[in-house]
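>>> have a look at this prediction, sequence included:
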Amino acid sequence: MNHWMEVVLRSVLILLGLFFITKLLGKKQLSKLSFFEYIVGITIGDIAGTISMDVDLQASHGVVAILVWASFLIFVSNVSLKSISFRKAVEGTTTILIKEGKILEENVKKEKYTVDELMEQLRKKDIFYVEDVAFAMLETNGELSVLLKKEKQNVTREDLLIKGEATRLPQTIIMDGNIMKEAVHELGYSVAWVKEQLKKKGAEVDKVFLGQADSTGHLYLDYYEDEKKTESK
């Protein structure tokens, strides 16, 4: 077989294989990648490119290498879904860079961010004054999420009917059926308060996929059971 024909055949087969692997990994891989997913993606891409172009290499060896890397990624993804601590170790946690209009310099340095880069990210969100920001958080995928101060947010119907309160960062207090004690205490509540709120809603903590609360006592619950209507108070 001519070299160019072999290159074409290898490229087509590898492309089909990568497409199949991507389908197995799910749509999440098409969005922003975590550090681990980024590393694995680069490695698999490099292996695929090398196999396609270098006809002196055995294609079977490259396919095995790709399957090993992809299988490891699938394994890590499945374990991450079941273990919060493992997920934090692999994907990291969010970092607050701005709080109540003040830049947290230590956190900025920790994430290897410069002030110029931080301001650039804010400008991309049409924010030009740091003092307008209530919270700016660097997500695990490198995306910057920003919550403006109450007075800088667009007016809603609720604002016209109710006097606004000082902006406080909502917290995820229940995740994967587990109460996040640190987040609960951050809001000034106790685990007993969370259990009492669940009791009022007739909910069990191990049936809750995600629970969020804020300083006003507003509680949102999302259940594992899709058919069960989510509640808020």
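That came through, no problem. Residues are numbered from 1 along each chain as shown.
>>> what does the pLDDT read for K99?
The model reports K99 with a pLDDT of 88.
>>> I meant I96, not that one.
Looking at I96, its pLDDT reads 90.
>>> which stretches of this structure form strands?
For the chain, strands defined by DSSP state E occupy the ranges 95-99, 102-103, 133-138, 144-148, 171-175, 178-179, 208-213, 219-223, 231-232.
>>> which residues touch the second one?
So that's strand 102-103. For strand 102-103, contacts defined as C-beta atoms under 8 Å, 6 or more residues apart in numbering pick out L97, V115, L118, V130. C-betas here are computed from N, CA, C, even on glycine.
>>> repeat that for the third one.
Outside of strand 133-138, the residues within contact range by C-beta under 8 Å, 6+ apart are 94-101, 111, 113, 118, 122, 127, 144-150, 167, 169.
>>> follow-up on the earlier one: can you pick the most crowded of the contacts of strand 102-103?
Neighbour counts for the contacts of strand 102-103 peak at L97, which has 24 neighbours (criterion: other C-beta atoms under 10 Å).
>>> where among the strands of the chain is average confidence lowest?
Ranked by mean pLDDT, the strands of the chain bottom out at strand 231-232, with a mean of 43.
>>> state the number of residues packed around E100.
E100, neighbours per other C-beta under 10 Å, totals 13.
>>> name the nearest residue to it, sequence neighbours excluded.
Among residues not flanking E100 along the chain, A134 sits closest, at 6.2 Å (C-beta to C-beta, 6 or more residues apart in numbering).
>>> gap between E106 and D132?
According to C-beta to C-beta, to the nearest Å, E106 stands 22 Å off from D132.
>>> pLDDT below threshold where in the protein?
Within the chain, the set of residues satisfying pLDDT under 70 comprises 1-2, 24-34, 156-168, 225-233.
>>> domain map for it?
3-89, 95-161, 171-232 (automatic domain parsing).
>>> I'd like to know how many residues surround the residue nearest to E100.
So A134, with other C-beta under 10 Å, has 20 neighbours.
>>> do the same with L67
Neighbours of L67 (other C-beta under 10 Å): 13.
>>> then the one 5 residues further on?
Counted by other C-beta under 10 Å, the residues lying close to F72 total 12.
>>> contact partners for it?
V40.
>>> how about I51, nearest residue that isn't a chain neighbour?
The shortest distance from I51 to any non-neighbouring residue, by C-beta to C-beta, 6+ apart, is to G62 (3.5 Å).
>>> against V40, how distant is that neighbour?
Taking C-beta to C-beta, one finds G62 at 15 Å from V40.
>>> one more: V155?
According to C-beta to C-beta, V155 and V40 sit 45 Å apart.
>>> again with L18
L18 is 12 Å from V40, where distance means C-beta to C-beta.
>>> higher neighbour count, the two?
Legend: neighbour count by other C-beta under 10 Å for L18 and V40, higher for V40 (19 against 15).
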